[in-house]
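# Prediction below, plus the sequence it came from.
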Amino acid sequence: AAMYSSAAAGSPRRDFISVTLGSEEAVGVGGYNNSKAWRRRSCWRKWKQLSRLQRSVILFLFAFLAVCGVISYTSMGEAWKSITNKSLDDQRTEQAIPRLKLANPAVLPAPQKADVNHGDYPEFSLQKPPKLPHVRRGPSNLQIKAPQRDMRLKTRHDTMRAVEELVEVDKVEKTEKSIISWRGAVIEPDQSTEPPSNKIMEPEKPSSVEAEDQKEPVPINERQLAVIEAFRHAWKGYKDFAWGHDELKPLSKSYSEWFGLGLTLIDALDTMWILGLKEEFEEARKWVANDLVFDKSVDVNLFESTIRILGGLLSTYHLSGDSLFLEKAKDIGNRLMPAFKTPSKIPYSDVNIGRGTAHPPRWTSDSTVAEVTSIQLEFRELSRLTGDEKFQKAVDEVMKHVHTLSGKNDGLVPMFINTNSGQFTHLGVYTLGARADSYYEYLLKQWIQGGKKENELLEDYMRAIEGVKKHLLQRSEPKKLTFVGELAHGHFSAKMDHLVCFLPGTLALGAHNGLAADHMKLAETLIETCYQMYAQVETGLSPEIVHFNLHAQKGHKDVEIKPADRHNLLRPETVESLFYMYRFTGDKKYQDWGWEILQNFNRYTRVPTGGYTSINNVQNPSNPEPRDKMESFFLGETLKYMFLLFSDDIDLINLDKYIFNTEAHPLPIWVPA
Ligand code: DMJ
């Protein structure tokens, strides 16, 4: 509606004004003239024609409308604010109660979103990452840490600022296309990180990621909560008595050092992220930022520091998007490289990371086969992230060399390899347990990591599984459990390390990736055996090594335990395989078995003042003889696999997108399915 004194325009009567709602009147006599100057002049004239009373009434009306406008604007603002605050408060409460809904977003957010605390502000986290057709993942330089933001959201002021920052960042995301993200990995389209020997392609199907983003988060269940509780209890012990040291000694309330590099803390970083323990994660991150120093003269084992430290840092980098972890990974990766300076290029077992020197153990010039062939996932990923080919070249050469070696038995490898000659030593002994185990695991996993193109790896893996079937499988009595024994100079031994229980999970992973269906059948029978290694024992916990009965004897179970083998180190392998089996079959019995194991860990290995301990005697429930040590893999692997086993969310570390290293640190598959 427009208010014009149209009649007055041509009227001699100054006291009269008409208010009309049309435009025709405004056109006036003499045709349409809508120039600005004309309108201004005529308005002013009309205004002057009004009586003082009329002007006062109009002015009063204007003033009244203005006041109403201001009042209604303020009250709407208040209402809006209170809605916003309420939803923020709700989210804070949600965070304060159990961290039920945070775990899933914790794994999945893209870095920029994680950076701005999307776990707390789901409405922002639902935004899709921008799509770029050909992008490469690369080191990050624009990352802020999601968990840090959490800590800052203590006051309303901070909260509101964070929201503003969210909006800002969102804007930046929309305008600056230079950085995008994919499930925790930062992608810089302009930066090539392709290692020369292996064309690394970025995932071509971001649509699957988008679909995931739109899914409802799967709430955490009771069993997962029990894992979180167990982790917190273990962490409390570590924090109170061993902070920054390698391992907790929960009974003596002290610690032990192996490398002096905060092993437990680093091994546990990605577990905290996956469990949604943001405060704990943030505290640990600070330690990594301020106190983790690799520049010191200390001998470390190449394999152990690769799988636990390098692997842990790389996976934490991928999950959190925090470049601190990549920097640290580069640092330790470079410091481990002297190990490869050997006549054969088969690496030495030990490296002094401060001095840059490496050497074999004092008593031999041999290295362990599993050790030199289970560092590849990590070094290859480091090359891909840094663009520096040297890491990948060094470890690929080891694999190529081992591929050509004689001394295998239908794909089964001996346990030792000489760093001078490059040949296998101690020929004739074959096991899937200690010193050979993860050779087999990494054949398959490297093949998957690299996009299923490296045929030699697959050949070696398939041949080895045939070798297992031919030489190492037997059935026990009375339950006829299929188990994997050992072969020593043609003699079969019915001995099986708990370590071998990684195998059902690996077989299942292979079958899931298109390998022979009978691998899955074998996985199903072997995981049953591994479960029986727990179930047939008095504490319900497996010993380190079992011997299976090949002949039925009255009163004897399948599983026999020698006094020297009856310890339990809180190892993960069975739980790890249960996790794979549940993911691929959906059979709840695997969850139930894992649940039993967790309860038995709680019954026999939990130390009331904090932490869990390995035990010396799984056969004595009244005195399992605590050994006073919590291995770092209990937090790095065992509890992580428990948590994942109990989850019904297949996107909580999706196995088509991530490959776990042998210390349970997930690394991205370069060309995901
Ligand atoms: C871990 O360090 C790794 O899983 C390794 O492959 C075998 N040993 C321990 C866990 O048992």
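Nice, thanks for sending it over. Numbering: from 1, shown residues only.
# The ligand contacts on the stretch 501-650 of the chain?
571-572, 633, 637 (CB under 6 Å from any ligand atom). Where C-beta positions appear, they are placed from N, C-alpha and C, glycine not excepted.
# taking the residues you listed one by one, which sit in helices?
The helices in this structure, assigned by DSSP state H, contain Phe633 from these.
# For Gly356, give me its contacts.
Taking CB atoms under 8 Å, 6 or more residues apart in numbering, we find Gly356 in contact with 335, 338.
# rewinding a little: with neighbour count, pLDDT and distance to Ser323 added, can I get the residues of the stretch 501-650 of the chain next to the ligand in CSV?
What follows is these, written out as CSV (neighbours: other CB atoms under 10 Å; pLDDT from 0 to 100; distance: CB to CB, whole Å):
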residue, neighbour count, pLDDT, distance to Ser323
Arg571, 22, 99, 33
Pro572, 26, 99, 29
Phe633, 24, 99, 26
Glu637, 27, 99, 25
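# and Asn352, how far is that from Ile527?
Noted for Asn352: a distance of 41 Å to Ile527, by CB to CB, to the nearest Å.
# which stretches of the chain have low pLDDT?
Along the chain, the model assigns pLDDT under 70 to residues 1-49, 67-214.
# and it, which residues reach the ligand?
For the chain, the residues in contact with the ligand (CB under 6 Å from any ligand atom) are 438, 499, 571-572, 633, 637, 662-663.
# tally of neighbours for Ser315?
Using other CB atoms under 10 Å, Ser315 has 31 other residues around it.
# my hunch is that it is in a strand, does that hold up?
No - Ser315: not assigned to a strand; according to DSSP: H, G, I helix; E, B strand; the rest coil it is helix.
# That one and Asp270 touch, don't they?
Yes - the pair formed by Ser315 and Asp270 meets the contact definition of CB atoms under 8 Å, at 4.6 Å.
# Which neighbours do these two have in common?
Shared contacts of Ser315 and Asp270, defined by CB under 8 Å, 6+ apart, comprise 665-666.
# Give me the contacts around stretch 420-427.
Under the criterion CB under 8 Å, 6+ apart, residues 342-346, 365-366, 369, 401, 405-408, 413-418 lie in contact with stretch 420-427.
# Now go through the residues you listed and say which are in helices.
For these, membership in helices holds for 369, 401, with DSSP H as the criterion.
# Quick check: ChimeraX command selecting the buried ones in the contacts of stretch 420-427.
Isolation of the buried members of the contacts of stretch 420-427 (16 or more other CB atoms under 10 Å) is achieved in ChimeraX through the command below:
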select :342,344,345,346,365,366,369,401,408,413,414,415,416,417,418
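# Compare Asn352 and Ile527 (neighbour count), which wins?
When Asn352 and Ile527 are compared for neighbours, Ile527 comes out ahead with 26 against 17, by other CB under 10 Å.
# in what helix or strand does that one lie?
Assignment of secondary structure by DSSP states H and E places Ile527 within helix 517-535.
# Can you name every helix or strand that the helix or strand just after that helix contacts?
Helices and strands here follow DSSP H and E; after helix 517-535, the next one along the chain is strand 545-548. Packing contacts for strand 545-548, counted by 3 or more CB pairs under 8 Å, 6 or more residues apart in numbering; DSSP states H and E, involve strand 495-497, strand 559-560.
# Buried residues in stretch 251-266, which are they?
In terms of neighbour count (16+ other CB under 10 Å), stretch 251-266 has its buried residues at 251, 253, 255, 258-259, 261-266.
# Find the closest residue to the ligand in the stretch 501-650 of the chain.
When CB to the nearest ligand atom is the measure, the stretch 501-650 of the chain has its nearest residue to the ligand at Arg571, with 3.9 Å between them.
# Now that residue: closest residue in space, sequence neighbours ignored.
Excluding the flanking residues, the one nearest Arg571 by CB to CB, 6 or more residues apart in numbering is His498, at 5.6 Å.
# Same check on Tyr531?
The nearest residue in space to Tyr531 (CB to CB, 6+ apart) is Trp593, at 4.9 Å.
# Report the angle between the one helix or strand the one you found maps to and helix 517-535.
Here Trp593, judged by DSSP H and E, is contained in helix 588-604. Taking axes from the mean of the first three to the mean of the last three CA atoms, to 10 degrees, one finds that helix 588-604 is oriented at 30 degrees with respect to helix 517-535.
# How far does helix 588-604 sit from its chain's centre?
Centre-to-centre, helix 588-604 and its host chain are 23 Å apart (CA atoms, centre = their mean, to the nearest Å).
# Can you spell out which helices and strands pack onto it?
Here helix 588-604 touches helix 222-241, helix 517-535, helix 573-585, helix 639-646, going by 3+ CB pairs under 8 Å, 6+ apart.
# repeat that for 6 Å
Under the contact definition 3 or more CB pairs under 6 Å, 6 or more residues apart in numbering; DSSP states H and E, helix 588-604 sits against helix 573-585, helix 639-646.
# Now do the buried residues in that helix.
Buried positions in helix 588-604, judged by neighbour count with 16+ other CB under 10 Å: 590-591, 593-595, 597-598, 600-601, 604.
# what's the answer for stretch 536-544, then?
Within stretch 536-544, the residues that count as buried by 16+ other CB under 10 Å are 536-537, 539-544.
# Stretch 219-230 now?
For stretch 219-230, the neighbour count (16+ other CB under 10 Å) marks 220, 223-228, 230 as buried.
# where exactly do the strands run in the stretch 301-450 of the chain?
Assigned by DSSP state E, counting those that start in this stretch, the strands in the stretch 301-450 of the chain fall at 350-352, 357-359, 366-368, 416-418, 424-425, 429-430.
# So which of the helices and strands packed on helix 588-604 has the densest surroundings on average?
When neighbours are counted by mean count of other CB atoms under 10 Å, the highest per-stretch mean among the helices and strands packed on helix 588-604 falls to helix 639-646, a mean of 27.
# Pull the residues that contact that helix.
The list of residues contacting helix 639-646 from outside it, by CB atoms under 6 Å, 6 or more residues apart in numbering, reads 223-224, 227, 231, 271, 275, 572, 575-576, 578-579, 582, 591, 594, 598, 664.
# angle of the helix or strand containing Ala508 against helix 517-535?
Following DSSP H and E, the helix or strand that holds Ala508 is helix 503-512. Helix 503-512 runs at 160 degrees relative to helix 517-535, counting by the same axes, to 10 degrees.
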